[in-house]
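Trainee: Please work out how this folds:
(one chain, ligands or ions: 1)
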Amino acid sequence: MKTTFALFVPAVSAAVLPSAPAKQGLPLSAFGEVHSISIIEAIQGVDLIGTNFSALPISTIDGLIDPVLDLFTPNSGDKVDEGSFRTSSTSGNKVAASPSPSPSPSPSPSSFSVSSTTAADDSVSVAAECTNPHVRYEWDNYSTSDKKAFVDALQCLINAPPSGRFSPSRNRYEDFVRLHQSYAPNIHSTSTTQQTHKFLLWHRYYVWALEQVMRDECGFNRAFPWWDEKKWAGRFAQATIFTSEYFGSLPGPTNGAATCINNGRFAGMSVSLGPGMTTNNPHCLQRAVNEGVTAQTGLSAWDACFSRSSYPDFHSCVEFTYHAQGHNGMGGMMADAIASPGDPAFFMHHLFVDYAFRKWQIEDVQRRTTISGCADNKNCSPLTLDTMVYVGQICGAKCPDLRVRDILNTMEGHFCYRYNY
Ligand SMILES: [Cu+2]
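Mentor: Predicted coordinates:
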């Protein structure tokens with residue numbers, strides 16, 4: 001089994017780097033690799049949980065967590081008055097009060113459930129509060145006007161000043177990079193034997209939070225797209241997102257280094273965060289495709305994960321197979337488990353991951369109403385419907401600390417969107 005994990009990427013000393021983005025990319029080794037398993041291992045079930053987590057040593061990543069996480073612990077930052085949490089919405093998104101967190105129930109059951117009235121078909125909403133959901137269309141079915149509005153709004157965030165709550169982020173887009181960088185150790189599994197099953201839930205909320213900020217601060221007035229990554233397996237560089245109109249090209253490495261992106265809407269973009277936990281380190285947006293790795297994001301991995309019926313089993317399969325291989329296959333900044341949102345393509349990749357999660361959930365109502373697995377990758381405290389998930393209030397009052405029950409169903413709880421398949 002492959003055991004590399006990018007939490008240990010060597011920090012690049014900011015002191016020796018120029019203040020302007022270099023024209024050359026960083027060595028591929030600077031980015032590490034997102035932990036992955038092969039499709040054969042996934043089919044064999046090697047990533048199924050079942051380990052006695054409490055017997056495992058505390059992860060050595062602890063030293064990395066403490067200095068950066070203080071800001072973003074639950075209920076941190078500006079106090080959100082959840083009792084009066086109402087935001088006007090003109091976009092069909094439901095924005096509703098989130099009940100104050102109450103003490104978690106006894107964690108004795110291995111699975112926790114809520115009742116749900118949502119029909120099994122994603123085209124049908126019976127939740128009274130979500131009557132006009134945003135519908136996420138696949139990129140190739142998203143209109144040219146929508147595509148342009150989408151990359152325009154991303155560009156707008158890159159040009160906007162930071163909020164100041166995610167220092168040392170240099171612009172509003174980097175607020176999201178910094179948030180992910182800070183939370184990375186808590187929202188991805190450390191290894192196949194030390195797992196957190198918050199990954200799918202947290203990233204669902206994170207992507208949704210970006211949508212709210214694009215809407216509220218950059219005038220974006222469409223639904224998000226999603227990207228059918230599996231249809232480009234083995235040929236990501238030919239994908240219709242990687243063009244000069246949109247995300248720019250997806251080149252291979254240059255002399256062992258990632259290649260700066262000098263075309264597309266993000267041409268010449270400079271990112272100051274990463275690799276890993278590094279900050280104040282301006283470097284060019286850079287990629288290094290490896291189609292041998294992107295080839296592993298295809299239907300065999302999709303099917304292997306889809307055949308898993310329990311949430312932790314499905315979650316582990318997705319995290320370690322096509323999620324990881326999509327990151328590593330695009331290479332460069334995307335191969336970095338911690339600061340990869342620095343490449344806007346990150347969000348297309350995670351829209352695919354969320355699509356997969358939602359599609360799997362449609363198969364069985366229980367998948368939208370119950371949860372199990374590990375809430376952290378140290379001691380495997382139980383993940384319950386009342387486990388808190390937080391995104392540093394990055395979209396203000398729309399982004400309070402939420403319970404898992406508010407995130408589990410995209411058509412109930414805090415969200416109101418679905419996918420067009
Ligand atoms: Cu992530």
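Trainee: Find the residue at the geometric middle of the chain.
Mentor: Closest to where the C-alpha atoms of the chain average out (CA atoms, centre = their mean) is residue 203, at 3.5 Å.
Trainee: Just give the closest residue to that one, not the sequence neighbours.
Mentor: Nearest non-adjacent residue to residue 203, counting by CB to CB, 6 or more residues apart in numbering: residue 350, 5.3 Å away. Where you see a C-beta, it was placed from the backbone N, CA and C, and this is true even at glycine.
Trainee: What count of nearby residues applies to residue 252?
Mentor: 14 (other CB atoms under 10 Å).
Trainee: so what's it scoring on pLDDT?
Mentor: As predicted, residue 252 sits at a pLDDT of 98.
Trainee: Distance check, it against residue 144.
Mentor: 28 Å (CB to CB, to the nearest Å).
Trainee: what number of residues lie near the residue nearest to residue 203?
Mentor: 23.
Trainee: Over to residue 364?
Mentor: Quick note: residue 364 (other CB under 10 Å) scores 12 neighbours.
Trainee: And the helices in the stretch 151-300 of the chain?
Mentor: 172-187, 199-218, 291-294, 299-306 (DSSP state H, counting those that start in this stretch).
Trainee: helices and strands around the shortest one, which ones?
Mentor: Taking 3 or more CB pairs under 8 Å, 6 or more residues apart in numbering; DSSP states H and E as contact, the helices and strands that helix 291-294 lies on are helix 324-330.
Trainee: Can I get the helix or strand immediately after the helix it packs on in the chain in CSV, CA atoms only?
Mentor: As assigned by DSSP states H and E, the chain's next helix or strand after helix 324-330 is helix 345-362. Provided in CSV are the C-alpha atoms of helix 345-362 (Å, rounded to 0.1, in the frame of the first residue of the first chain):
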residue,chain,number,x,y,z
ALA,A,345,-9.4,24.2,-10.7
PHE,A,346,-9.6,22.8,-7.1
PHE,A,347,-13.3,23.9,-7.0
MET,A,348,-14.1,22.1,-10.3
HIS,A,349,-12.6,18.9,-8.8
HIS,A,350,-14.5,19.3,-5.6
LEU,A,351,-17.7,20.0,-7.4
PHE,A,352,-17.2,16.6,-9.0
VAL,A,353,-16.6,15.0,-5.6
ASP,A,354,-19.7,16.6,-4.2
TYR,A,355,-21.7,15.5,-7.2
ALA,A,356,-20.5,11.9,-6.5
PHE,A,357,-21.5,12.2,-2.9
ARG,A,358,-25.0,13.5,-3.7
LYS,A,359,-25.5,10.9,-6.4
TRP,A,360,-24.6,8.2,-4.0
GLN,A,361,-27.0,9.6,-1.5
ILE,A,362,-29.9,9.6,-3.9
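Trainee: Quick check: buried residues in helix 345-362?
Mentor: The neighbour-count check on helix 345-362 (16 or more other CB atoms under 10 Å) flags 345-358, 360-362 as buried.
Trainee: And for stretch 129-147?
Mentor: In stretch 129-147, counting by 16+ other CB under 10 Å, buried: 130, 133, 134, 136, 137, 138, 139, 142, 146, 147.
Trainee: got it, and stretch 266-283?
Mentor: In stretch 266-283, counting by 16+ other CB under 10 Å, buried: 266, 269-279, 281-283.
Trainee: what pLDDT, on average, does it get?
Mentor: 97.
Trainee: so how far is it off the chain centroid?
Mentor: The chain centre lies 18 Å from the centre of stretch 266-283; the measure is CA atoms, centre = their mean, to the nearest Å.
Trainee: Can you check the distance spanned by that stretch, start to finish?
Mentor: With CA to CA, to the nearest Å as the measure, stretch 266-283 spans 13 Å from end to end.
Trainee: before we move on, what about stretch 28-37?
Mentor: 20 Å.
Trainee: on that earlier part again, in a markdown table: the helices of the stretch 151-300 of the chain, plus distance to residue 258 and mean pLDDT.
Mentor: Below are those laid out as a markdown table (distance: least, CB to CB, whole Å; pLDDT from 0 to 100):
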| stretch | distance to residue 258 | mean pLDDT |
| --- | --- | --- |
| helix 172-187 | 16 | 94 |
| helix 199-218 | 23 | 98 |
| helix 291-294 | 14 | 96 |
| helix 299-306 | 24 | 94 |
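Trainee: and the residue nearest to residue 287 when sequence neighbours are not counted, how many neighbours does it have?
Mentor: The shortest distance from residue 287 to any non-neighbouring residue, by CB to CB, 6+ apart, is to residue 332 (4.3 Å). Here the number of neighbours of residue 332 (other CB under 10 Å) works out to 31.
Trainee: Then the one 5 residues further on?
Mentor: Residue crowding around residue 337 was assessed by other CB under 10 Å; the count is 26.
Trainee: can you give me phi and psi for it?
Mentor: Dihedral pair for residue 337: phi -70, psi -20, per degrees, to the nearest 10.
Trainee: now do residue 169
Mentor: According to degrees, to the nearest 10, residue 169 has phi -60, psi 140.
Trainee: residue contacts, it?
Mentor: 162, 163, 175, 177, 178, 272, 273 (CB atoms under 8 Å, 6 or more residues apart in numbering).
Trainee: pLDDT at it, what is it?
Mentor: 97.
Trainee: go on, residue 64?
Mentor: At residue 64, pLDDT is 30.
Trainee: One more: residue 3?
Mentor: 38.
Trainee: what does the one 10 residues further on give?
Mentor: Reading off the confidence values, residue 13 has pLDDT 41.
Trainee: Kindly report the same for residue 289.
Mentor: 98.
Trainee: Now the spatially closest residue to it that is not a sequence neighbour: phi and psi?
Mentor: Computed as CB to CB, 6+ apart, the closest residue to residue 289 that is not its neighbour in sequence is residue 250, at 4.8 Å. Backbone torsions of residue 250, given as degrees, to the nearest 10, read phi -120, psi 80.
Trainee: lowest confidence element among the helices and strands of this structure?
Mentor: helix 62-69 (a mean of 31; mean pLDDT, DSSP states H and E).
Trainee: Could you name the helices and strands sitting against the strand or helix carrying residue 147?
Mentor: Using DSSP H and E, residue 147 sits in helix 144-159. Here helix 144-159 touches helix 172-187, helix 199-218, strand 225-226, going by 3+ CB pairs under 8 Å, 6+ apart.
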